[in-house]
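Engineer: Attaching a predicted model along with its sequence, questions to come.
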There are 2 protein chains.
Amino acid sequence: MEVRELRYFRAVADELNFSRAALRLGIAQPPLSRAIRQLERRVGVQLFVRDTRQVALTPAGHALLAETGRVFDAVSAAVHRTRRAGQTTPSVVVTAKAGVATELLRRVVRAYAEVPGAQAVEIVVSGYGEQTAMLRDGRADLALIGSPADHSGFDTEHLASEPRVAALPVGHELADRESLRCKDLIGQPMSQWPEASHADRVYWAGRDHDLPTGGPEIHDNSQLLENVALGQTVALIPRSLAEHTPRPDIVYRPVLDASPYTTVIAWPSGSTAPWIARFVQLACTQVVTTVIDGPSSP
Amino acid sequence: MEVRELRYFRAVADELNFSRAALRLGIAQPPLSRAIRQLERRVGVQLFVRDTRQVALTPAGHALLAETGRVFDAVSAAVHRTRRAGQTTPSVVVTAKAGVATELLRRVVRAYAEVPGAQAVEIVVSGYGEQTAMLRDGRADLALIGSPADHSGFDTEHLASEPRVAALPVGHELADRESLRCKDLIGQPMSQWPEASHADRVYWAGRDHDLPTGGPEIHDNSQLLENVALGQTVALIPRSLAEHTPRPDIVYRPVLDASPYTTVIAWPSGSTAPWIARFVQLACTQVVTTVIDGPSSP
DNA sequence: CTTGCTTATACCCTGGAGGTATGACGGATG
DNA sequence: CATCCGTCATACCTCCAGGGTATAAGCAAG
């Protein structure tokens, strides 16, 4: 099976229409039909049931579609990492969400620069949920990831945990309380990241608590806080974020029984590159000196 | 980048010799040289430094070689799983090492058969260390794996832990002791699985204990025990294995501070197929009733 | 210098990927 | 019911890239 065939397959599986898929691929429809037929012949199973009006995936087609992502990720990871390794001064790429843990990252990078023989470090700031994608497809070598992310397929090492606070608009009914509990937030509109899976939503809200969903969807921290200030939503955020973004129109209140916000450093599982081990080790020791304090979760 | 190009690259990287690589690939040498050149041109980096006498990998080549395995695994997983899904009665394939945990597996399979709408279950017995390979390349959907294995890239759920015993030949100097400790075994010839990485060896011997290596290499349990009986080696094995294979020429003695032998059920990380969740859940509940008893580790 | 081993170059050939034109089918529409 | 439109399949052509053979070129060893 060749990558080109898989690209064709995925286009058809996405569009469920040979003509549109061919358009998307930039080829004509007949060669696409033929390529799919040939793929079916080679693998030995039918992937689509198609009459002249309808195209649908067979169970085998569904199975193949589920696997295509891994193949594309592996291939583009190979290309990306090879290209980077081929540069005159290869650098290690670390990605992290804006805001959270950047001061930690700066410290680690400074410390890593001291290591004899260390490459340059390139820090790429990425949007919510994009860190894992960048690790998977090879745009990054290491990532700092917050707790509600999907770590599957990565090796991780725990870096820091910090308590969460609720961000409330000034004048909110809960704003005069010193601290809150998860159950206090039930019934409140609660913002969700757009890409968050169900598991993420549960986790984000604090594991095992039946916190509400359905607030407006937001894409970054400033947008989130803007929505909070406007009274559109409330939000559970890590305490450090609250400390770095004081706003006159928002109050932050600790949520005592929310699951702590944890930051992990992640890298592609099974990587044996020695500098990954060195960087991770450095990050772990740095985090000890950086002391992200706060009461430990009960 | 196409899979064919990667196959060619890997052959050359393995052989470090274009002629032999071409022979292995079943093509002539000139097309292979050209294909590699074209790959280098497409990716934009040099992969090999070659004069007329020597071929060596560049740093970029090393980086690419490290990624090829993931690509091949992903591709063959796609093919295997698609083929299986295309059969008239698709079955779920579970793999496990012979001996250990087979009674558990039988119970789970019986229970799973009761589930409405459940597929047939096919059990494949595989050699040491092969379970993970089968998961990775799609020959299996689920695997029961013993503790010294490399779980990276898989999701796992803990199933059972059991203490380890040392297998000693009758008449061995330690055979008359009721129980042992790891340090008693220092200096004994200790068998290693051939594919075991360094991490595996450490783990297998009981984490953090400086147990010896260098015994004869063995490939399955019966061969291992045969070697023990012949006085060639001693072995640390899970207790259930000892109980299922009583031998007049071998005595088993508990090793109190060896790390327990744990069995986990593993599946490709990120799989969302509902039947995986159902099977795993079933396995976890079954293991509670199967009660693999024994003293918990200190 | 010759021999033997390597990779690179030159050249040819063929299979298959891609294009165009068109057929066959079925739903929508009047 | 007839027409039209959108769909996938078929037929046929073109052309290039992947593969083969022959051979040059480079280097080490004898």
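Structural biologist: Cool, got the structure.
Engineer: Run the chain-centre distance for the helix or strand harbouring residue A:143.
Structural biologist: Of the helices and strands defined by DSSP states H and E, residue A:143 is found in strand A:142-146. Centre-to-centre, strand A:142-146 and its host chain are 8 Å apart (Cα atoms, centre = their mean, to the nearest Å).
Engineer: now stretch A:96-112
Structural biologist: The answer for stretch A:96-112 is 17 Å, by Cα atoms, centre = their mean.
Engineer: circling back: the strand holding residue A:143 pairs with which strands?
Structural biologist: Paired neighbours of strand A:142-146 in the sheet (DSSP bridges): strand A:91-97 (parallel), strand A:261-268 (antiparallel).
Engineer: Rebuild those as TSV, extending it with mean pLDDT.
Structural biologist: Compiled in TSV, the strands paired with strand A:142-146 are given as follows (pLDDT from 0 to 100):
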stretch	mean pLDDT
strand A:91-97	89
strand A:261-268	89
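Engineer: And the contacts of the strand holding residue A:143?
Structural biologist: Strand A:142-146 is contacted from outside by A:92-97, A:100-101, A:104-105, A:131-132, A:134-135, A:151, A:154, A:156, A:159, A:238, A:261-267, A:276, A:279-280, using Cβ atoms under 8 Å, 6 or more residues apart in numbering or on different chains. (Glycine included, C-beta is placed from N, CA and C.)
Engineer: now it: mean pLDDT?
Structural biologist: The average pLDDT for strand A:142-146 rounds to 89.
Engineer: Same question for stretch A:157-173.
Structural biologist: Per-residue pLDDT over stretch A:157-173 has a mean of 87.
Engineer: Get me the contact residues on the stretch 101-250 of chain A for chain B.
Structural biologist: A:138, A:150, A:152-153, A:155 (Cβ under 8 Å from any Cβ of the partner chain).
Engineer: which of the residues in the helix or strand just after the strand holding residue A:143 are buried?
Structural biologist: Per DSSP H and E, the first helix or strand lying C-terminal to strand A:142-146 is strand A:154-162. Neighbour counts over strand A:154-162 (16 or more other Cβ atoms under 10 Å in any protein chain shown) mark A:154-156, A:159-162 as buried.
Engineer: Among those residues, which one sits closest to DNA strand C?
Structural biologist: Relative to DNA strand C, the closest of the buried residues of strand A:154-162 is residue A:154; by Cβ to the nearest atom of the strand it sits at 34.1 Å.
Engineer: neighbours of residue A:274, just the number please.
Structural biologist: By other Cβ atoms under 10 Å in any protein chain shown, 9 other residues sit near residue A:274.
Engineer: can you dump the C-alpha coordinates of stretch A:38-58 into CSV?
Structural biologist: What follows is stretch A:38-58, C-alpha atoms only, in CSV (Å, rounded to 0.1, in the frame of the first residue of the first chain):
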residue,chain,number,x,y,z
GLN,A,38,-6.9,-1.0,-7.7
LEU,A,39,-6.4,-0.4,-4.0
GLU,A,40,-9.4,-2.6,-3.3
ARG,A,41,-8.0,-5.3,-5.5
ARG,A,42,-4.6,-5.1,-3.9
VAL,A,43,-5.9,-5.2,-0.3
GLY,A,44,-8.4,-7.7,-1.2
VAL,A,45,-11.5,-6.1,0.3
GLN,A,46,-14.2,-3.8,-0.9
LEU,A,47,-13.8,-0.3,0.7
PHE,A,48,-16.9,1.5,-0.7
VAL,A,49,-20.3,0.4,-1.8
ARG,A,50,-21.2,2.6,-4.7
ASP,A,51,-24.0,2.8,-7.1
THR,A,52,-24.4,5.7,-9.5
ARG,A,53,-26.1,7.9,-6.8
GLN,A,54,-24.4,7.0,-3.5
VAL,A,55,-21.0,6.2,-2.1
ALA,A,56,-20.7,4.7,1.3
LEU,A,57,-17.9,3.2,3.4
THR,A,58,-18.0,-0.6,4.1
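Engineer: Give me the distance between the residue in chain A sticking out farthest from the centre and residue A:12.
Structural biologist: Computed with Cα atoms, centre = their mean, the residue of chain A farthest from its C-alpha average is residue A:52, at 40.1 Å. As defined by Cβ to Cβ, to the nearest Å, residue A:52 lies at a distance of 15 Å from residue A:12.
Engineer: that older thread, can I get the buried residues of strand A:154-162 in a markdown table including distance to residue A:247?
Structural biologist: As requested, those are exported to a markdown table (distance: Cβ to Cβ, whole Å):
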| residue | distance to residue A:247 |
| --- | --- |
| A:154 | 34 |
| A:155 | 37 |
| A:156 | 32 |
| A:159 | 27 |
| A:160 | 24 |
| A:161 | 25 |
| A:162 | 19 |
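Engineer: Just flag the most distant two among those residues.
Structural biologist: Pairwise distances across the buried residues of strand A:154-162 peak at 22.4 Å for A:155 and A:162 (criterion: Cβ to Cβ).
Engineer: and residue A:140, which of the three is it?
Structural biologist: Using DSSP: H, G, I helix; E, B strand; the rest coil, the three-state assignment for residue A:140 comes out as coil.
Engineer: which ones are touching it?
Structural biologist: Taking Cβ under 8 Å, 6+ apart as the test, what residue A:140 contacts is A:93-95, A:124, A:126, A:131, A:134.
Engineer: what do you get for residue A:84?
Structural biologist: For residue A:84, the contacting residues are A:90-91, A:93, B:63, by Cβ under 8 Å, 6+ apart.
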